[in-house]
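I'd like to go over a predicted model; first the sequence, then the structure.
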Amino acid sequence: MAKKKPCKVGENKSQVVRDMPNVCSDEDAAVRFMEAQRWGDEPCCPRCGDMNVYQVGDRKTGGRNTDYRWRCRACKRYFTVRTGSVMAETRIPLRYWCYAFWQVCSSKKGVSAKQIHRQTGLSYKSALFLLHRIRFALADMEGVKLMGTVEVDELYLGGRPRYRIPYDPLKRPHRPKHPRKQPIIGVLSRDSGTVKTRVIPDVTSHTLRRAVSELVDKSAKLETDEAPAYVGIGRQYAGHQAVKHSNYEYVREGVTTNTIESFFAILRRGITGIYHNVSRKHLQRYLDEFEFRYNTRALEDGERTVTAIQGAVGKRLLYRQPNPA
Ligand SMILES: [Zn+2]
């Protein structure tokens, strides 16, 4: 048997993960970390893009200004690393932002506002606000449609458990199958390994068709379960095959919806186990968070944190659009 290579403690951690404890406890380090993630070695003005900028000094100490301002020589305006990002217009210290970004990106099923509140000392309300803005930063704004082999399935979250009443079509023909549950639709490209989700009002074929056409390119080959709504949708795509779950058929010649269902399993456990109760209004934000973690699953925790922080830039203007966090 081959001997396992001895590994020093913490050897497989990236530099970012090693830096994190310091960054999350020291405001000065947090600001420097955020600046490095945003600008690298070349800070530039977020308003006019000019690179002729300087750090504003402090007259008393001769060091750096306590609010970490920069000034642009071209447009004469002041800015900080927060300007033009989801962190703008808040007074929450940056070390807490760093901590929350790190926690969100390194916990498989997310982190609750209560936990951030306990660990940082921020109020619960501030912690909730901070996490909502982070979810907003994680949201995929590019809207690139999925291609290749795409699994499509829907999921019901929350509500009361399903009753084991025998279904009698004569007595209650229109009894909803899942009373008070919130449906969502998920699509996953097996070629790129990318998942996308949408909160949907119902599961009529009209709604499903619209959601699928927003998320999936027409050149894709769909794979679904046997739900009748997908038959008509499938005709508009390059191909469509279904597995019949009612016959205990889950894989047939490579046709399956198991991959999207394994994403749903993580999502369901996160919503139940970490968040407990998510309102319909905010559900899409939580979905964005799980989507981001799934789509960056090949990255290591530190890289994922950096990707998330970079996603926070340039999103501030969009923040006040419909469906705000
Ligand atoms: Zn400028």
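Okay, I see it. Residues are numbered from 1 along each chain as shown.

give me the number of residues near Ala74?
Ala74 has 14 neighbouring residues, counting by other Cβ atoms under 10 Å. To be clear about C-beta, it is placed using only N, CA and C from the backbone, and glycine gets the same treatment.

can you pull the contacts of it?
Contact analysis of Ala74 by Cβ atoms under 8 Å, 6 or more residues apart in numbering lists 45, 48, 50, 52.

Need phi/psi at the residue lying closest to the second one once chain neighbours are set aside.
Looking back up the chat, that one is Cys48. Counting by Cβ to Cβ, 6 or more residues apart in numbering, the nearest residue to Cys48 once its immediate chain neighbours are dropped is Cys75, at 4.5 Å. Cys75 adopts backbone torsions of phi -100, psi 0, taken as degrees, to the nearest 10.

distance of Gly254 from Val243?
Separation of Gly254 from Val243 (Cβ to Cβ, to the nearest Å): 10 Å.

I should have written Ala220 there, sorry.
Taking Cβ to Cβ, one finds Ala220 at 17 Å from Val243.

quick one: which of these two has more around it?
Under the criterion of other Cβ under 10 Å, the comparison of Ala220 against Val243 puts Ala220 first, with 23 against 19.

What does the pLDDT read for the most centrally placed residue in the chain?
Against the mean C-alpha coordinate of the chain, by Cα atoms, centre = their mean, the closest residue is Glu289 at 2.2 Å. In this prediction, Glu289 carries a pLDDT score of 96.

could we number from 820 for the rest of this?
Renumbered: residue one is now 820, and that last one reads Glu1108.

For it, give me its contacts.
Residues touching Glu1108, when contacts are defined by Cβ under 8 Å, 6+ apart, comprise 923, 929, 953-954, 957.

do the same with Met966
Remark: with contacts taken as Cβ under 8 Å, 6+ apart, Met966 is in contact with 1008, 1010-1011, 1035-1036, 1038-1039.

Can you flag which of these belong to strands?
Ser1008 (DSSP state E).

Buried among the contacts of Met966? Make that a PyMOL selection.
Here is the PyMOL command that selects only those of the contacts of Met966 that count as buried (16 or more other Cβ atoms under 10 Å):
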select buried, resi 1008+1035+1039
